[in-house]
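Student: A structural model of the following input is requested.
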Amino acid sequence: MAIFLLRHVKTVNNLKNIISGRIETEILPDTNIVLDGNVSFEYIYCSTSKRCRDTIAMLPTHMYNGKINFAEELQERSVGFLEGMEKKVAMELYPHLFHQNKLSVNAEIEGGETIQDVQNRIEEVVQDIIIKGTYMNVLVCSHNQTLKVIYAMIHNIEITDEYWTNTNFLNGTIVRI
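Tutor: Numbers count the residues shown, from 1 in each chain. A predicted model of the protein is given here:
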């Protein structure tokens, strides 16, 4: 069986280029979930954020027949005082927190989480995902930064600036890993 990752569909904040972090934002109307092939999921893990719950609600019922585990641990990385700030403004005011136009993997943001904090927060859930993924199709719906950490943990990849910059999950696209 397999593990699949899904970043929530595009949101109003994505469209406006606003840093969301953990703040809530509405999904855009008329968005779709993209999946190559025909697959169904026996188990779904989903962030408790509204945008992820709304994304899972978009799945056709024939795509899942099992339990949905809404897990607070799968929330996006808290980015402290940057949450709700326009990305362009944040990059101008705090360039040391960004690397190649993205929030740096090593950014230490007042009131926010480091990547190590995220790893510690999701470690038990990732172990459960790995176990379930060995004998059933598992879908994880979460956020870009959290999915990057999950992917790295599952594949034992060191989270470097290069990995962080080059790894991204597209909104609304289900990826088999």
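Student: Read off the pLDDT value for Gly66.
Tutor: In this model, Gly66 is scored at 65, pLDDT.
Student: who's in contact with the residue nearest to the spatial centre of the chain?
Tutor: For the chain, His143 is the residue whose C-alpha lies nearest the centre (CA atoms, centre = their mean; 1.8 Å). Taking CB atoms under 8 Å, 6 or more residues apart in numbering as the contact definition, His143 lies against Arg7, His8, Ser47, Ser49, Cys52, Leu74, Gln75, Glu76, Arg77. No exception for glycine: its C-beta is placed from N, CA and C like everyone else's.
Student: Can I get those residues in CSV including distance to Gln116?
Tutor: As requested, these are arranged in CSV below (distance: CB to CB, whole Å):
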residue, distance to Gln116
Arg7, 22
His8, 24
Ser47, 19
Ser49, 21
Cys52, 23
Leu74, 17
Gln75, 16
Glu76, 16
Arg77, 11
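Student: Quick one: those residues as JSON lines, columns for distance to Lys88 and pLDDT too.
Tutor: Listed next are the contacts of His143 as JSON lines, based on distance: CB to CB, whole Å; pLDDT from 0 to 100:
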{"residue": "Arg7", "distance to Lys88": "22", "pLDDT": "96"}
{"residue": "His8", "distance to Lys88": "22", "pLDDT": "96"}
{"residue": "Ser47", "distance to Lys88": "26", "pLDDT": "97"}
{"residue": "Ser49", "distance to Lys88": "24", "pLDDT": "97"}
{"residue": "Cys52", "distance to Lys88": "26", "pLDDT": "97"}
{"residue": "Leu74", "distance to Lys88": "28", "pLDDT": "98"}
{"residue": "Gln75", "distance to Lys88": "25", "pLDDT": "97"}
{"residue": "Glu76", "distance to Lys88": "20", "pLDDT": "96"}
{"residue": "Arg77", "distance to Lys88": "20", "pLDDT": "95"}
